[in-house]
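# just a sequence and a predicted model for now, questions to come.
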Amino acid sequence: MPDMNDRWLWVVDDQLVDALMRNDTLDASAEKRSADSTALKRALALASENQTEGALEEVRKAIDGGENTADLWWARGQLEFELGRWEQAGNSYAELLSMVPGHRAAAYNIALCCFRQQRFDEAVERFTEALQVVPGRVDCAIGLGVSLLHLGRSEAALAAFESVLGTDPSNVKALFGKGVALQKMNRLEEAHDLYRDVLTANPKNPELLANLIALAAARNDDDKLRDYCERLLRIRESARPALEGLSTLALARGDYKTAVKHLSQLVKSAPGHWEPWYNLGFAYQKLNRQDEAVHAYSEAIRAKPDVPQAHANLGLILQERAQFGTAREEYNRALEADPGLAAALWNLAAVYEREGDIVAAEQRLARLMAIKPDWEDACFRLGCMRLQLGNPKGAAEAFQRCVSRREKWAEAWLNLGIAQRRSGDSGASRAAFEKAVEQNPESAPALSAFGSAMAEEGDCTRAMDALDRLAALNERTPELWYNVGLLLQQQGRHEDAAKLLRQAADARPGFAEALLNLGKSLNWLGREAEARDCWREAVEAKPELASKFVN
């Protein structure tokens, strides 16, 4: 949701239209000053019939024909101003000032023209010049203050408004402007007290209520925020600041049904704005009303195509619907707008993984870790993908980062050991497996990996201990039975070796290596017929390996 404190610009502009942009109209007084100007008389007649274009054309013809009088230039400027042609009107007033230096109305209106064109630096200069022509003119001082607010020069604006209040302490427009300046200077309590004083005199002032809403939001005063929003809605049905405030409150407390109610009204009153559509999509998404969420996010994107979070949230809905191709497109659009959007990288990696493109998934997770190095789950998943891609050193680096962040992470220690073992670092691998068992003594994968490492190192005692612990867990571990069986066989303990190798072969049908070595131990024990049966089964499962051992 946008910062509600930024609503001040909208409010100030309304005040300006209401009170500051007063511009002397073309009326009969001009006729009295220049009764001899036929063109001006015709222009006056046309203007009185609301034929502004025709009146302006009469004045232009007269000036182009050589009737170069101050009254005609004044009329031209006024008519152009009325038509909203601010640049042309400013030029006409400037011509008038060259003819009549110190013309008060022209000096003021040039400043207004600059303001209308949002040329606030020039407006400040022109309002200042107008004040020199007519010192103390209230509307000039207020116009100066508002222009300074638009430039972010709040302290100078405050001085301009206080210059008015010095002679007219009850001037509502100056009080309002002072409140805005205080608000922008983060003097929130002073601004609030001033607004409340003005509101007491005019309790149905919608602009003041709008700014009080912004103040309450900035001060995190939920009770006052709700009160001001409800009061504003009683004055102006579907007032945008009130609906924004109430929907913000509802979203903050997780009341998504109420948020939908207010946001649905808001998108009707401000259909071209992306923020209410985005928040409506979020509320619908939380309510699991996915079709409506998709529509709302799509409207937010239509209003502003480069909102990364809207694309990311839409992508998540599509991903949950197994529409992986379109989800991927939305995540990529989100990342085009914001390459550092971590959630989009995480979800995009999951989509690529689901589609079987592990290389692309690994690349996205690597980017994510560069942005969010402390994201532990992403780091772990990155390690798993690198193992899958045959990059054990890269995997070990990722898992090492995991355990450095969370020392008691048994699964990360286990995978670190696997990566180190595949990298050829058996010592580090054994230590990692031992850590995994230490963190989770009942982890069958950790016990099996540790036992196998001990068997490979010839530590029969610790290998057998791992086997006993696995047996107590009712775990079938053919790999570990095989490894310890080989160790016992090498030590000449063929009876014990045969028992474990038989368990390995029975647990995994077609386990050729276990059958071959079982045959060797049986043969050594003099059980030749059984040995031949084992070798025959091994030949059937893997002829090339079996024949090598038989020979």
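Yep, that arrived.

# drop to CA atoms for contacts and neighbour counts, all remaining ones
Noted.

# I'd like the distance between residue 501 and residue 465.
In this view, residue 501 and residue 465 are 17 Å apart by CA to CA, to the nearest Å.

# of those two, who's got more company?
Between residue 501 and residue 465, residue 501 has the larger neighbour count (other CA atoms under 10 Å), namely 31 against 14.

# just to check, that one is in contact with residue 485?
Yes - contact criterion CA atoms under 8 Å: residue 501 and residue 485 qualify, at 5.5 Å.

# what residues are shared contacts of the two?
With contacts defined as CA atoms under 8 Å, 6 or more residues apart in numbering, no residue is adjacent to both residue 501 and residue 485.

# ok, and what's touching stretch 341-355?
By CA under 8 Å, 6+ apart, stretch 341-355 touches 308, 312, 316, 319, 324, 327-328, 331-332, 334-335, 358, 360-362, 364-365, 367-368, 371-372, 378.

# can you flag which of those residues belong to helices?
Of the contacts of stretch 341-355, the ones assigned to helices by DSSP state H are 308, 312, 316, 319, 324, 327-328, 331-332, 334-335, 358, 360-362, 364-365, 367-368, 371, 378.

# now the buried members of those residues.
The neighbour-count test (16 or more other CA atoms under 10 Å) applied to those identifies 308, 312, 316, 319, 324, 327-328, 331-332, 334-335, 358, 360-362, 364-365, 367-368, 378 as buried.

# show me the contacts for residue 435.
Applying CA under 8 Å, 6+ apart to residue 435 gives the contacts 410, 413-414.

# could you check the pLDDT of residue 470?
Looking at residue 470, its pLDDT stands at 82.

# give the contact list for it.
Going by CA under 8 Å, 6+ apart, residue 470 touches 444, 447-448, 476-477.

# Three-state assignment for it, please.
helix (DSSP: H, G, I helix; E, B strand; the rest coil).

# again with residue 390
Reduced to three states by three-state DSSP, residue 390 is coil.

# how near is it to residue 358?
Taking CA to CA, one finds residue 390 at 11 Å from residue 358.

# ok, back up a step: got a markdown table for the contacts of residue 470, with pLDDT too?
Putting these into a markdown table (pLDDT from 0 to 100) gives the following:
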| residue | pLDDT |
| --- | --- |
| 444 | 87 |
| 447 | 89 |
| 448 | 86 |
| 476 | 78 |
| 477 | 84 |
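
# between the residues you listed, which sits nearest residue 199?
Nearest to residue 199 among the contacts of residue 470: residue 444, at 71.5 Å, using CA to CA.

# can you count the residues close to the closest one?
The number of residues packed near residue 444 is 21, by other CA under 10 Å.

# spit out the contact partners of it.
Residues counted as contacts of residue 444 (CA under 8 Å, 6+ apart) are 470, 473, 475.

# residue 285 now?
residue 293.

# go on, residue 120?
Counted by CA under 8 Å, 6+ apart, residue 120 has contacts 114, 147-148, 150-151.

# and it, backbone torsions?
Residue 120 adopts backbone torsions of phi -70, psi -30, taken as degrees, to the nearest 10.

# and the pLDDT for it?
What the model reports as pLDDT for residue 120 is 95.

# can you check residue 40 too?
Residue 40 is given a pLDDT of 87.

# my guess is it meets residue 72, correct?
Yes - assessed by CA under 8 Å, residue 40 is found in contact with residue 72 at 6.7 Å.

# common neighbours of these two, please.
Common neighbours of residue 40 and residue 72, counting by CA under 8 Å, 6+ apart, are residue 59.

# which regions of the stretch 401-550 of the chain lie under the pLDDT threshold?
For the stretch 401-550 of the chain, the stretches flagged by pLDDT under 70 are 545-550.

# could you point out where this structure is predicted with low confidence?
For the chain, the stretches with pLDDT under 70 are 1-36, 545-551.

# how is it partitioned into domains?
1-185, 373-475, 478-551 (automatic domain parsing).

# chain center to the shortest one, what's the gap?
Meaning domain 478-551. Relative to the chain's own centre, domain 478-551 is displaced by 61 Å; criterion: CA atoms, centre = their mean, to the nearest Å.

# next one: the first one
On the basis of CA atoms, centre = their mean, domain 1-185 is displaced by 41 Å from the centre of the chain it belongs to.

# where's residue 347, which helix or strand?
According to DSSP states H and E, residue 347 maps onto helix 342-354.

# typo on my end, it should be residue 428
Counting by DSSP H and E, residue 428 is found in helix 426-439.

# helix or strand right after that helix?
With elements assigned by DSSP H and E, the helix or strand that comes after helix 426-439 is helix 444-456.

# what angle separates that next one from helix 426-439?
140 degrees (axes from the mean of the first three to the mean of the last three CA atoms, to 10 degrees).

# for the stretch 401-550 of the chain, just list every one of the helices.
Secondary structure of the stretch 401-550 of the chain by DSSP state H, counting those that start in this stretch: the helices cover 410-422, 426-439, 444-456, 460-472, 478-490, 494-507, 512-524, 528-541, 543-550.

# residue 292 is nearest to which of those helices?
Comparing the helices of the stretch 401-550 of the chain by CA to CA, helix 410-422 comes nearest, at 40.1 Å.

# show me what that closest one is packed up against.
For helix 410-422, the elements it packs on are helix 376-388, helix 392-405, helix 426-439, helix 444-456, judged by 3 or more CA pairs under 8 Å, 6 or more residues apart in numbering; DSSP states H and E.
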